[in-house]
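Chemist: Sequence plus predicted model, see below.
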Protein chains: 2
Amino acid sequence: MKLYDFGPAANSKRVRMFISEKGIEVPVVELNVRDDAQFKEPFNSMNPFHCVPFLELDDGTVIAESISVCRYLEELHPEPSFFGCTAEERAIIDMWNRRVELDGFMPALHATRNNIPLFKGRVVPGTRTNLEQLPAMVQRGKEMLDIFLSRLDPQLAVNEFVAGSAISIADITCFFVINMANNFEMEIESRYPNISRWHSDFSARPSTAS
Amino acid sequence: MKLYDFGPAANSKRVRMFISEKGIEVPVVELNVRDDAQFKEPFNSMNPFHCVPFLELDDGTVIAESISVCRYLEELHPEPSFFGCTAEERAIIDMWNRRVELDGFMPALHATRNNIPLFKGRVVPGTRTNLEQLPAMVQRGKEMLDIFLSRLDPQLAVNEFVAGSAISIADITCFFVINMANNFEMEIESRYPNISRWHSDFSARPSTAS
């Protein structure tokens, strides 16, 4: 098994953080996506959606998508669980991970990609195009992110972690949402004290240095 | 168990289609989200993210998010499988469902919500706000949708279904992406013949009338 990865990419960091939390080791092949390595063969055929990270199994099967990679690794190494141990736990964790990802991560990602010069020509993940950076995508992304934060804060007022009393994949996803939100100076500390408490606790975990 | 549902909503249709394909029955409570029933109690507390459908278990636990509801139902009724029977199958299906949802469904959803008068004041799912409909969200949504379609078509040239040789949850998600794309007149029949073949086959399934 090999993980094709690019150090600075947020999705790569998500998966590395998961691997660190699980206490496992996965051999890594560095793929410099800033130099467009993902569009060259054999990588283009391995992952025609051109995003890192992706996992190549020993039989050549490729699993792309950060959460799908983590799900697969969890099946091989069930403990400690990040996706839940019962049908009900798995559904609740999946629900929270989706809320965090669809309502928080995606708006923040698109706001970031349409905002900073580094992503010029790469506004859509896994592409090199002439699509312009649209200020409206930044505006709407920040507005959606703020709606998400206002819904997350009450959950973290009564729960230690995003999906309840135990750490889960939803916390890892959420850690990167809050990091992106902080780049947009959304005043989380003063406006969302429970998210701020959670983020401060979570930032102390050794896995965040992965 | 009860499914809180609103007939015309695309996400409600997704879950009903899944239930029909599984050959199971789930009691349904109709919640008229166009009349803002989801913001009133007890529904507001049951699902503070205010989207339908959501499932209430007999112990009061609420599972929201369409895919999380389907995952839970699949655990109760494993056959026929829509999420895979082995770790590898589950990862590949999850990967394809994510590609379809993040790269196709979400851009199409936001393009739709920022485009048609019905969604004025409801541009963000599960909200009533003054956020305006942004033409740039429609433009970018269509551009992203087109990138997705151009990547999906080769997959359907060599596979009967989205995630391979067997039907999966990724097909159900994709069916609604193509329906939304057709509303934007993206000329799928002439430009993406394999998607067109798949959509035509899929449309013949009785579950699409759910």
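Modeler: Ah, there it is. Numbering: from 1, shown residues only, chains lettered A, B, ... in the order given.
Chemist: Run through the residues that contact A:Ser200.
Modeler: Contact partners of A:Ser200, counting by CB atoms under 8 Å, 6 or more residues apart in numbering or on different chains, are absent. Heads up, the C-betas are built off the backbone N, CA and C, glycines and all.
Chemist: and it, what element?
Modeler: Assessed by DSSP states H and E, A:Ser200 sits inside helix A:193-203.
Chemist: The residue of chain A found nearest chain B: neighbouring residues, count only.
Modeler: Residue nearest to chain B within chain A: A:Ala136 (3.4 Å; CB to the nearest CB). With neighbours defined by other CB atoms under 10 Å in any protein chain shown, the count for A:Ala136 comes to 17.
Chemist: which non-adjacent residue is nearest it?
Modeler: B:Ala136 (3.4 Å; CB to CB, 6 or more residues apart in numbering or on different chains).
Chemist: That neighbour and A:Gln133 touch, don't they?
Modeler: No. B:Ala136 lies out of contact with A:Gln133 (CB atoms under 8 Å); the separation is 10.7 Å.
Chemist: Report the set of residues contacting both of those two.
Modeler: Residues touching both B:Ala136 and A:Gln133 (CB under 8 Å, 6+ apart): none.
Chemist: So A:Leu55 lies in a helix, does it not?
Modeler: No. Counting by DSSP: H, G, I helix; E, B strand; the rest coil, A:Leu55 is not part of a helix but strand.
Chemist: in chain A, which spans are strands?
Modeler: Using DSSP state E, the strands assigned to chain A run over residues A:2-5, A:28-30, A:54-56, A:62-64.
Chemist: how about these in TSV, adding mean pLDDT?
Modeler: TSV is the format used below for the strands of chain A (pLDDT from 0 to 100):
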stretch	mean pLDDT
strand A:2-5	98
strand A:28-30	96
strand A:54-56	98
strand A:62-64	98
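Chemist: could I get the ones you listed as a markdown table with distance to A:Phe39 and mean neighbour count?
Modeler: Converted to a markdown table, the strands of chain A look like this (distance: least, CB to CB, whole Å; neighbours: other CB atoms under 10 Å in any protein chain shown):
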| stretch | distance to A:Phe39 | mean neighbour count |
| --- | --- | --- |
| strand A:2-5 | 13 | 20 |
| strand A:28-30 | 16 | 14 |
| strand A:54-56 | 14 | 23 |
| strand A:62-64 | 15 | 22 |
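Chemist: can you put those strands in JSON lines and add distance to B:Pro42?
Modeler: Listed next are the strands of chain A as JSON lines, based on distance: least, CB to CB, whole Å:
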{"stretch": "strand A:2-5", "distance to B:Pro42": "45"}
{"stretch": "strand A:28-30", "distance to B:Pro42": "48"}
{"stretch": "strand A:54-56", "distance to B:Pro42": "43"}
{"stretch": "strand A:62-64", "distance to B:Pro42": "40"}
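Chemist: Dump those strands into JSON lines; add distance to chain B as well.
Modeler: JSON lines is the format used below for the strands of chain A (distance: least, CB to the nearest CB, whole Å):
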{"stretch": "strand A:2-5", "distance to chain B": "13"}
{"stretch": "strand A:28-30", "distance to chain B": "18"}
{"stretch": "strand A:54-56", "distance to chain B": "8"}
{"stretch": "strand A:62-64", "distance to chain B": "5"}
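Chemist: now check stretch A:15-25, is it near chain B?
Modeler: No. Stretch A:15-25 stays out of contact with chain B when judged by CB under 8 Å from any CB of the partner chain, the minimum separation being 12.9 Å.
Chemist: Show me where chain A has its helices.
Modeler: Secondary structure of chain A, counting by DSSP state H: helices at A:10-22, A:43-46, A:66-76, A:87-98, A:106-113, A:135-158, A:169-183, A:188-191, A:193-203.
Chemist: for the record, mean pLDDT for the longest one?
Modeler: Per-residue pLDDT over helix A:135-158 has a mean of 98.
Chemist: gap between it and the chain center?
Modeler: Counting by CA atoms, centre = their mean, to the nearest Å, helix A:135-158 is centred 16 Å from the centre of its parent chain.
Chemist: before we move on, the earlier item: next, the contact list for the residue nearest to A:Ala136, please.
Modeler: A:Leu134, A:Pro135, A:Ala136, A:Met137 are the contacts of B:Ala136 under CB under 8 Å, 6+ apart.
Chemist: Over to A:Ile169?
Modeler: A:Phe18, A:Ile67, A:Cys70, A:Phe82, A:Phe83, A:Ile93, A:Asn97.
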